[in-house]
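Chemist: Predicted coordinates and the sequence they were generated for:
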Amino acid sequence: MSTDQDKVIRKLRAILSADVKGYSLLMSDDEAFTIRTLKEYRGIMSDLIKQHNGRVVDSPGDNVLAEFASVVDAVTCATEIQKVLKEKNKNLPDNRKLEFRIGVNIGDVVQDGDRIYGNGVNVAARIEGLSEPGGVSISRNAYGQIKDKLTFGYEYIGEHEVKNIKDPIRVYKVLLDSEDAGKLIGEEPRRPKKKWFLPVVVVAAIIATSIVWYFYQNTIKPEIEPALIENMAYPLPDKPSIAVLPFDNMTGDPEQEYFSDGVSEEIITALSKTDQLFVIARNSTFSYKDKPVKVKQIAEELGVRYVLEGSVRKSEDQVRITAQLIDAISGHHLWAERYDIEMKNIFSLQDEITLKIMSSLQVKLTEGEQARIWSKINNLDIVFKMNEALSLWRVGTMESHMRYGQIGQEIIDMAPESTVGYLILGWHHWFLAMNGISPDSIKKAFNLAQKVLSMDEFNASAHALLGSIFSAARQYEKAIAEGERSIELEPNGAMAHGLLGLTLLLASQYDEAIEYLNRGIRLNPFPAYWYFQHLGSCYSLKGQYEKALTFFEKALQRSPNNLETHLSLAAAYVLLERQDEAEAAAKKAIGIYHNFSVERYISAISIKNQADLKKFGDALRKAGLPE
């Protein structure tokens, strides 16, 4: 039998929900100042809520939740809060301002002690997420109650599908400037009245359908076609999975490609540093660059649920960036934004987009993850050169690797305080050492990796480089430990997984190597040549030469002039007793590197099992390669 204590108390209330734009970034920048300012602003908000007959229900983190008996009081209070905080923020630099987004809804709530719950509260929180920093947005229900009672202007900003709310919600933006008073911009379409006579309704419906169909065919873009789970190239991960597409360069200037690419690159890098997401590597998403492909195809080919796409338009010191996050399986947009900013604020905007993605996918970061994610490069010249270097690395030719190293030195000369140049130059020397071109380069690579880690101990790529160097020195346990540390710091790092696979290959742990290389390919479904190259080597060293050939051929499709792959093909053909093909592969290898020496090349390979190494060397000699 129920008691009075068991009864659910329901009531109709106006709910105000507010939170701070970029709160995590503000905390990582200056925790003490942010906490102090947040405490001051909360006091101001609490006083204004009381003055407008409201009650603060809860205030966890940077959020404030309040209830009012009157929606007029709630909206008036929200606008007063924004006016007061705008004045307070005037005296603060941009990277110190605490700008609240406020959403107001009127709906049914359930009261439990001093707390309130229910759909009315959830809708208010979703509307808050659609509000601009420093702005107020309200639900259709709230607008209907206040439109004839308050003198503000309003802008209808559309119908939105939001997370965990069954039906789309209609949202209005409150226009706070006095000159907008009484305006109504973009009013939602009116519904036909139910009192019309049937014949009129039928005729009107036919006419309306014809008009809608005409405009649908000629002007209105079709809905996003949902991706089908059964068509996915890979099973969906058990965590939110996302592909960040290259942002379109709308400037019309090819020289701005590195800038628009850099925006996407930085977002991918930040998202990759948490293990709460599954993030496709840049190499795969950028394969869709400048191609007219649908979100459905991208999601199915990469095996992801969410897709981020956007565009960049740059004019002198001004940048316009658009971004939209799409749930490919439902075919709905989770959010879409347009930002007009100055160039100097581009890095903080990338942080904001990253944070909004994580918020939409309900990712909550630990303090350690926050510190790693928001450690960024704040120099556009370095970003441009870094993206050029990444493109060159993926080409895989001798010429591209030499230019890659030059860029590393150029960045060091430009910004010796940045880790980027030292890291690029370190990988360049590692490549030279691993290909037998400059054995002494391994010492230079080691010193450069140590320098980077002395500047930033959380640099995942530096740990991966150090692991690769330890592999070359046959210190396999240290190498594996560094590789695992790299993956810990960047759980979605396709390259980190691939390099640990290479380390395990050199440690003669071929099955484990195959596992990590395949994980790398899952994160990067359109990988660089060396993933397939090392998979082929694993199978070749296991004696599965036919299977090895399939991977070597895949490697050549991505890098036709790669020396290592032609050498591996030559050896595999010899071991399959296909001498003519072995000699043809050997000739191609010599054509790429005229001064090739089997002895020098073999001496640079630090594989643990010397019997396997001897077998490989003998096969190269039999293929006709010079001693």
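Modeler: Yep, that arrived.

Chemist: Mean pLDDT per helix and strand in this structure: which one sits at the bottom?
Modeler: Comparing every helix and strand of the chain by mean pLDDT, DSSP states H and E singles out helix 198-218 as the least confident one, with a mean of 44.

Chemist: May I have the predicted confidence score for the spatially most central residue of the chain?
Modeler: What sits nearest the mean C-alpha location of the chain, by C-alpha atoms, centre = their mean, is Ile268, with 3.4 Å. Looking at Ile268, its pLDDT stands at 83.

Chemist: Arg42 now?
Modeler: Confidence for Arg42, expressed as pLDDT, is 92.

Chemist: what about the residue nearest to it when sequence neighbours are not counted, neighbour count?
Modeler: Excluding the flanking residues, the one nearest Arg42 by C-beta to C-beta, 6 or more residues apart in numbering is Ser59, at 6.1 Å. No exception for glycine: its C-beta is placed from N, CA and C like everyone else's. Neighbour count for Ser59, taken as other C-beta atoms under 10 Å: 15.

Chemist: isn't the residue nearest to the centre of the chain right up against Phe286?
Modeler: No: if you go by C-beta atoms under 8 Å, Ile268 and Phe286 don't touch, sitting 9.5 Å apart.

Chemist: related to what we said a few turns ago, quick check: next helix or strand after the helix or strand encompassing the residue nearest to the centre of the chain?
Modeler: With the criterion set as DSSP states H and E, the secondary-structure element containing Ile268 is helix 257-271. Helices and strands here follow DSSP H and E; after helix 257-271, the next one along the chain is strand 278-279.

Chemist: any idea which helix or strand comes after that next one?
Modeler: Following strand 278-279 in sequence order, the next helix or strand is helix 282-285 (DSSP H and E).

Chemist: returning to that earlier point: what's whichever helix or strand comes after the least confident helix or strand of the chain packed up against?
Modeler: Toward the C-terminus, helix 198-218 is succeeded by strand 241-244 as the next helix or strand (DSSP H and E). For strand 241-244, the elements it packs on are helix 257-271, strand 278-279, helix 282-285, helix 295-302, strand 306-315, judged by 3 or more C-beta pairs under 8 Å, 6 or more residues apart in numbering; DSSP states H and E.

Chemist: Try it again at 10 Å.
Modeler: For strand 241-244, the contact count by 3 or more C-beta pairs under 10 Å, 6 or more residues apart in numbering; DSSP states H and E identifies helix 257-271, strand 278-279, helix 282-285, helix 295-302, strand 306-315, strand 318-327, helix 346-360 as packing neighbours.

Chemist: Mean confidence (pLDDT) on it, please.
Modeler: Across strand 241-244, the per-residue pLDDT values average to 91.

Chemist: what's the nearest residue to Leu504 if we skip its chain neighbours?
Modeler: Here the nearest residue to Leu504 in space, its sequence neighbours aside, is Ala513; by C-beta to C-beta, 6+ apart that works out to 3.8 Å.

Chemist: Pretty sure the one you found sits in a helix.
Modeler: Yes: residue assignment for Ala513, taken from DSSP: H, G, I helix; E, B strand; the rest coil, places it within a helix.

Chemist: quick one: it from Arg282, how far?
Modeler: Between Ala513 and Arg282 the distance is 23 Å, computed by C-beta to C-beta, to the nearest Å.

Chemist: now do Val171
Modeler: Distance of Val171 to Arg282, computed by C-beta to C-beta: 34 Å.

Chemist: who's in contact with the helix or strand containing Met402?
Modeler: Assigned by DSSP H and E, Met402 belongs to helix 398-414. With C-beta atoms under 10 Å, 6 or more residues apart in numbering as the contact definition, helix 398-414 has outside contacts at 379, 381-382, 385-386, 388-395, 397, 418-429, 431-432, 435, 437, 441, 448, 559, 561-563, 592-593.

Chemist: Give me the buried stretch members for it, please.
Modeler: By neighbour count, with 16 or more other C-beta atoms under 10 Å as the criterion, the buried positions of helix 398-414 are Met398, Ser400, His401, Arg403, Tyr404, Gly405, Ile407, Gly408, Glu410, Ile411, Ile412.

Chemist: Save the residues you listed as JSON lines, and put in distance to Ser568 too.
Modeler: JSON lines is the format used below for the buried residues of helix 398-414 (distance: C-beta to C-beta, whole Å):
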{"residue": "Met398", "distance to Ser568": "17"}
{"residue": "Ser400", "distance to Ser568": "19"}
{"residue": "His401", "distance to Ser568": "18"}
{"residue": "Arg403", "distance to Ser568": "25"}
{"residue": "Tyr404", "distance to Ser568": "22"}
{"residue": "Gly405", "distance to Ser568": "24"}
{"residue": "Ile407", "distance to Ser568": "28"}
{"residue": "Gly408", "distance to Ser568": "27"}
{"residue": "Glu410", "distance to Ser568": "33"}
{"residue": "Ile411", "distance to Ser568": "32"}
{"residue": "Ile412", "distance to Ser568": "34"}
